[in-house]
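> From the sequence below, what's the structure:
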Amino acid sequence: MTTDQPIRDVALAWAMATRAPDFADWEGFAAWLEADASHAAAYDAVQYALEEADAVLAALPEPEPVAANDNPPGWLAGRRGWLGGAIAASLAVALTSVLWLAPGGEKLYRTAPGETQLIALDDGSTVELAGGSTLALEGPRAARLEGGQALFTIRHDAADPFVLNAGGERLVDAGTVFDVRLAGETLDVAVAEGAVIVDPHGEGIRLDPGERAVRAGGRFRLAEIDSEAVGEWRRGRISFEAASLAEIAAELTRATGTRFTSTDTATRLSGSIALDAVRADPQALGPLLAVRVTRAGDGWMIAAK
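Reported below is the predicted structural model:
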């Protein structure tokens with residue numbers, strides 16, 4: 001049992017309670033969510049697992065009718081909903097166990113769009129996970145970024161270096177504060193302190209403070225970056241360079257939790273956006289980027305003028 005088990009148990013209890021039509025304790029539920037960032041992450045993962053369990057149950061065949069039954073009429077129908085919920089909860093326990101503690105001891109962290117999470121490692125190192133990101137801890141000095149963005153502040157140990165796998169690349173720290181963003185096939189690594197060796201058994205690119213490597217189209221491009229700008233998303237700002245409107249929309253969704261979309265992959269822009277202004281008024285993007293921002297269902301569409 002891991003230290004997260006009590007949180008998972010409470011998250012599952014809230015998830016089952018909020019499914020009830022007569023649930024009324026929304027204030028208590030909100031207070032629990034706001035008490036700790038890990039609560040929201042736990043609840044989201046449990047809800048995901050419950051949805052997976054619902055899909056499993058929906059695919060099961062209807063039970064055969066029983067010829068002889070001493071129970072009163074409607075007994076089974078009246079309990080099908082309860083049984084379904086109980087089975088879904090049992091499946092959710094199994095599924096969330098996979099989410100948090102995978103075979104081999106991996107520990108998985110997942111943030112919702114607009115959410116961040118600080119992960120403290122046993123050796124004093126920290127990982128700050130940006131919104132819409134997934135990170136697996138493979139051991140005390142190893143991790144895998146499956147998608148999204150994270151800022152790593154790593155205590156250096158020459159005898160036992162911290163190793164991060166991201167997008168098929170192996171990154172090894174040398175006493176480092178570094179930021180990694182993985183979006184599809186694009187991998188962006190920027191260093192604020194220390195050094196990172198990218199793919200040490202292949203190209204062996206060394207990145208020092210103020211240096212950045214961006215992999216696009218299967219090749220790395222090196223560039224300079226202000227060390228103060230590394231991990232700037234923690235301070236409510238994102239920057240982009242020659243990014244398409246579709247890419248900018250995806251990054252804004254991940255960073256703010258507000259849904260932005262764009263079908264424009266040709267128009268490319270460079271710039272920097274303060275996220276608080278966008279959260280307060282998504283249409284503020286219009287004058288900032290010289291684009292059109294219009295309502296699209298429960299989100300916003302970005303298009304070139």
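> Quick check: buried residues in stretch 209-228?
With burial defined by 16 or more other CB atoms under 10 Å, the residues of stretch 209-228 counted as buried are Pro209, Gly210, Glu211, Arg212, Ala213, Val214, Arg215, Phe220, Ile225, Ser227. Just so you know, the C-beta spots here come from the backbone N, C-alpha and C atoms, and that holds for glycine as well.
> from what I can see the last one touches Asp179, true?
Meaning Ser227. No: in terms of CB atoms under 8 Å, Ser227 does not count as a neighbour of Asp179; the distance is 10.5 Å.
> so what sits against both of these two?
Common contact partners of Ser227 and Asp179 (CB atoms under 8 Å, 6 or more residues apart in numbering): Ala192.
> picking that back up, secondary structure added to the buried residues of stretch 209-228, as TSV?
Formatted as TSV, the buried residues of stretch 209-228 follow (DSSP: H, G, I helix; E, B strand; the rest coil):
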residue	secondary structure
Pro209	coil
Gly210	coil
Glu211	strand
Arg212	strand
Ala213	strand
Val214	strand
Arg215	strand
Phe220	strand
Ile225	coil
Ser227	helix
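> where does the stretch 1-150 of the chain dip in pLDDT?
Where the stretch 1-150 of the chain drops to pLDDT under 70, the residues are 1-6, 8-9, 37, 48-105.
> how about the helices in it?
Secondary structure of the stretch 1-150 of the chain by DSSP state H, counting those that start in this stretch: the helices cover 5-18, 26-35, 37-59, 75-100.
> do the stretch 201-305 of the chain as well
In the stretch 201-305 of the chain, the helices defined using DSSP H, counting those that start in this stretch lie at 245-256, 275-280, 285-289.
> Please save the CA atoms from the last one in CSV.
If I follow you right, that is helix 285-289. C-alpha atoms of helix 285-289 as CSV (Å, rounded to 0.1, in the frame of the first residue of the first chain):
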residue,chain,number,x,y,z
LEU,A,285,-5.9,37.0,-27.3
GLY,A,286,-7.3,38.8,-30.3
PRO,A,287,-5.3,42.1,-29.9
LEU,A,288,-2.4,40.3,-28.3
LEU,A,289,-1.8,38.0,-31.3
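> Which positions in it come out as buried?
Leu285, Leu288, Leu289.
> Name the nearest residue to the last one, ignoring sequence neighbours.
So that's Leu289. Spatial nearest neighbour of Leu289, excluding adjacent residues (CB to CB, 6 or more residues apart in numbering): Leu269 at 5.9 Å.
> and the one you found, what does it touch?
So Leu269 contacts Phe240, Ala242, Ala243, Leu245, Ile248, Leu289 (CB under 8 Å, 6+ apart).
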